[in-house]
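Asks: Predicted model and sequence below, questions to follow.
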Amino acid sequence: MRFQDLLAYKKGFEVAMEIFEVTKSFPKEEKYSLTDQIRRSSRSVTVKISEAYRKREYPKYFHSKLTDADAENSETQGWLEYAFACKYITQETFDYLTEKSKEVGKLINYMILNPEKFGSKSGN
């Protein structure tokens with residue numbers, strides 16, 4: 001299996017691309033702050049998942065990279081709150097992207113709790 005075939009990766013990639021599209025309409029003054037931050041954190045989720053998968057033979061590394069992916073996912077949710085509070089996104093967009101991000105978090109958590117299903121040893 002390729003890391004691109006992992007459900008957490010696929011869903012995370014979808015969220016990152018949807019965030020990319022939404023942030024195109026953010027004000028120019030946010031380019032080097034909110035826009036860059038939310039794009040960076042949302043993209044980092046899948047990058048960390050891919051790193052974890054490539055190092056799955058090393059349980060501690062696998063676990064560490066997946067917890068990093070989860071942290072980046074949580075950061076993305078925080079930036080979504082700011083985007084909503086600043087009225088850059090609607091309630092509907094906020095709810096939709098937040099729910100999709102939560103789903104990614106659940107998938108990452110499943111990987112953390114079931115490392116053997118992804119080719120990693122279960123011991124840390």
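Replies: That came through fine.
Asks: residues contacting residue 98?
Replies: When contacts are counted by C-beta atoms under 8 Å, 6 or more residues apart in numbering, residue 98 touches 77, 80. For every residue, glycine as well, the C-beta is placed using N, CA and C.
Asks: quick one: what helix or strand has it in it?
Replies: helix 91-113 (DSSP states H and E).
Asks: Please state the offset of that helix from the chain centre?
Replies: Centroid displacement of helix 91-113 relative to its chain, using C-alpha atoms, centre = their mean, to the nearest Å, is 8 Å.
Asks: cool, and stretch 105-124?
Replies: 16 Å.
Asks: what sits up against that stretch?
Replies: Residues contacting stretch 105-124 (C-beta under 8 Å, 6+ apart): 6-8, 11-12, 45, 49, 52-53, 56-60, 62-63, 66-67, 69-70, 73-74.
Asks: Restrict the helix holding residue 98 to CA atoms and write it as PDB.
Replies: What follows is helix 91-113, C-alpha atoms only, in PDB (Å, rounded to 0.1, in the frame of the first residue of the first chain):
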ATOM      1  CA  GLN A  91     -20.800  29.400   9.700                       C
ATOM      2  CA  GLU A  92     -21.600  26.800   7.200                       C
ATOM      3  CA  THR A  93     -18.100  26.600   5.800                       C
ATOM      4  CA  PHE A  94     -16.600  26.700   9.400                       C
ATOM      5  CA  ASP A  95     -18.900  23.800  10.400                       C
ATOM      6  CA  TYR A  96     -18.200  21.800   7.300                       C
ATOM      7  CA  LEU A  97     -14.400  22.100   7.400                       C
ATOM      8  CA  THR A  98     -14.300  21.600  11.200                       C
ATOM      9  CA  GLU A  99     -16.300  18.400  10.900                       C
ATOM     10  CA  LYS A 100     -14.100  17.100   8.100                       C
ATOM     11  CA  SER A 101     -11.000  17.900  10.200                       C
ATOM     12  CA  LYS A 102     -12.500  16.100  13.200                       C
ATOM     13  CA  GLU A 103     -13.000  13.000  10.900                       C
ATOM     14  CA  VAL A 104      -9.300  13.200   9.900                       C
ATOM     15  CA  GLY A 105      -8.400  13.300  13.600                       C
ATOM     16  CA  LYS A 106     -10.400  10.200  14.300                       C
ATOM     17  CA  LEU A 107      -8.700   8.400  11.500                       C
ATOM     18  CA  ILE A 108      -5.300   9.400  12.800                       C
ATOM     19  CA  ASN A 109      -6.300   8.300  16.300                       C
ATOM     20  CA  TYR A 110      -7.300   4.900  14.900                       C
ATOM     21  CA  MET A 111      -3.800   4.600  13.300                       C
ATOM     22  CA  ILE A 112      -2.200   5.500  16.600                       C
ATOM     23  CA  LEU A 113      -4.300   2.900  18.500                       C
END
